[in-house]
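Everything below, folded, please.
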Amino acid sequence: MLLFTACTNHASVNSEFEKALTQKFCGDEFFEQNLNKVKNKDDTIYTGLNTGLIARNCGKFTISNTLFDAAEDSYKEDVDLENTLQKGVKLAATTLVNDTIIDYKGSLYERIMVNVYKGLNFMSLKDYANARVEFNRALMRQDKAKEYFANEIEKNREEIEEAKKDPNYDKNMNDNVATITKEYEHLFKEFDTTKKFVNPYATYLASVFFFMEQDYRKASDLFREVAIINPKNNEIKKESKLFTERARGINSKNSKKYIFVVYEGGMGVIKDDFALTLPFIVNEKIITTSVALQKLQKRDNSFEYLQANGVKTTQIVDLDDIVATEFKINMPTMITKAVAQTILKTAINVAAANNDSTGGLLSAASSLITAGTNKADVRTWRGLPKNVSVAMIENKGEIEIKDPKGGEIFKGKVETTKDALVFVRSFEPYLPNHIEIVQ
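Numbers count the residues shown, from 1 in each chain. Predicted structure coming up:
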């Protein structure tokens, strides 16, 4: 049963979710099926995140938040508050099979984005009180990043301790970890990673929300963090000046209204897997075994920028780099865990071969199971953007969005008495765009 469960083709399911998102599968039956899955706790986080984003792209904001709520509740119940017995069962399953045997836990980056999208959904539903709650939660999750990583490292320590019972642990672990780490070196040349985990997109959206709510002091305090991360960005300098002036009460009488354009572009980085064949010493024999590992795979951008009433949007964050930063922080634990799993499974295979009285059937079955379960977990939240760019323009009652070649993406009216947020999501230049206007 474990083998069949582990053989679930998550790469195929990932593609199905992505197709539903980009091609707008908005039928009620699709959402009913996935709502039933999350209600029955069928990989709730994985299903809730992906289907919630699909619902959001369809303009079904209430359904989207129901799905996101299920995912967030599952974080609390199935991940954060997991009891000792549950951890023990999952440890045994992942040790003998792989991480795909248990429900998807998600990443810190994804947890922050859940609250960001719930906040945007509530803004579109004109429920600004709950939008405020969600943006505050997103900011809180960012603040707890270091604590989260420390917990994850501790969580995997039990599996490593089990592998240490192998008398050849040091040799098997140290040499192979060094080999794997070297393989990863080239990966991070494609990304700009930092030691600190900060998602300025969440902070930017929260600051714009509080600005629109006329909580100028809080908006300015938050925007200062965005400005520090983007010290040479002229667009951010322009917006920072306005936020500071409003917080200080400068030009508050008869003040102009503004349109904030937020453009999510392209398809974000995803997880893929690869295998390395490495030597392990078992009972004074060298056994070569394949180790399955995760890697990050970059994908295409959409438009480099958009033009909002003739003003170009400016990139404020490469979200691929945010994902890579978290991946790099977790990488030592991930590698150690993968090698520990392989040590244990290899030892089981050798023991089966040495004690096989079935004419090789037991040994063959053990090897077959190991081969069948030797895969990395490639589940991920599909459809998150590759990067985010922004523009702020004076609100004169109209908004026209064009692509870099001058092709019209959107044209419409906005109320001149209010500030506005115009949200644009473009997956690829030839696919339909998703537009939201909130005032």
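
List the buried residues of stretch 225-243.
Glu225, Val226, Ala227, Ile229, Asn230, Asn233, Glu235, Ile236, Glu239, Ser240, Leu242, Phe243 (16 or more other Cβ atoms under 10 Å). Bear in mind the C-beta positions are built from the backbone N, C-alpha and C, glycine included.

Strands along the stretch 51-200 of the chain, start to end?
For the stretch 51-200 of the chain, applying DSSP state E, counting those that start in this stretch gives no strands.

Show me the shaky parts of it.
77-103, 145-167, 194-197 (pLDDT under 70).

Helices along the stretch 201-350 of the chain, start to end?
216-229, 234-247, 319-354 (DSSP state H, counting those that start in this stretch).

Now do the same contact list for the residue nearest in space to the middle of the chain.
The centre of the chain sits closest to Glu110, judged by Cα atoms, centre = their mean, with a distance of 3.5 Å. Glu110 sits next to Leu49, Trp381, Leu384 when contact means Cβ atoms under 8 Å, 6 or more residues apart in numbering.

Could you rerun that using 7 Å?
Contacts for Glu110 (Cβ atoms under 7 Å, 6 or more residues apart in numbering) come out as Leu49, Trp381.

Arg425 too?
Arg425 is in contact with Asn57, Glu264, Asn433, His434, counting by Cβ under 7 Å, 6+ apart.

Look up how far Ile54 lies from it.
12 Å (Cβ to Cβ, to the nearest Å).

same question, Glu239
The value you get for Glu239 to Ile54, if Cβ to Cβ is used, is 31 Å.

Over to Gly412?
24 Å.

One more: Val282?
Taken as Cβ to Cβ, the span from Val282 to Ile54 is 47 Å.

ok, the two, which is more surrounded?
The neighbour count for Val282 versus Ile54, taken as other Cβ atoms under 10 Å, is higher for Ile54 (28 against 21).

picking that back up, next, format the contacts of Arg425 as JSON lines and append neighbour count.
JSON lines is the format used below for the contacts of Arg425 (neighbours: other Cβ atoms under 10 Å):
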{"residue": "Asn57", "neighbour count": "22"}
{"residue": "Glu264", "neighbour count": "21"}
{"residue": "Asn433", "neighbour count": "19"}
{"residue": "His434", "neighbour count": "17"}
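
In strands only, show me those.
Using DSSP state E, the subset of these located in strands is Glu264, His434.

and which of the contacts of Arg425 is nearest Asp175?
Distances from Asp175 to those, taken as Cβ to Cβ, are shortest for Glu264 (43.3 Å).

Run through who's touching stretch 61-71.
Defining contact as Cβ under 7 Å, 6+ apart, one finds that stretch 61-71 is touched by 31, 35, 38, 44-45, 48-49, 51-52, 55-56, 114, 117-118, 121, 124-125.

Tell me where the stretch 51-200 of the chain has helices.
61-74, 84-96, 108-124, 128-143, 145-163, 169-184, 200-212.

Let's see stretch 308-322 as PDB, backbone CA atoms only.
What follows is stretch 308-322 as a C-alpha-only set of coordinates in PDB (Å, rounded to 0.1, in the frame of the first residue of the first chain):
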ATOM      1  CA  ALA A 308       0.100  52.200 -16.600                       C
ATOM      2  CA  ASN A 309      -1.100  55.400 -18.200                       C
ATOM      3  CA  GLY A 310       2.300  55.600 -19.900                       C
ATOM      4  CA  VAL A 311       4.300  54.900 -16.700                       C
ATOM      5  CA  LYS A 312       6.400  51.700 -16.700                       C
ATOM      6  CA  THR A 313       6.100  49.300 -13.800                       C
ATOM      7  CA  THR A 314       9.300  48.700 -11.900                       C
ATOM      8  CA  GLN A 315      10.300  45.300 -10.400                       C
ATOM      9  CA  ILE A 316      10.400  45.300  -6.600                       C
ATOM     10  CA  VAL A 317      11.100  41.700  -6.000                       C
ATOM     11  CA  ASP A 318      12.200  38.500  -7.800                       C
ATOM     12  CA  LEU A 319      10.100  35.900  -6.000                       C
ATOM     13  CA  ASP A 320      12.300  33.100  -7.500                       C
ATOM     14  CA  ASP A 321      15.100  34.500  -5.200                       C
ATOM     15  CA  ILE A 322      12.800  34.300  -2.200                       C
END
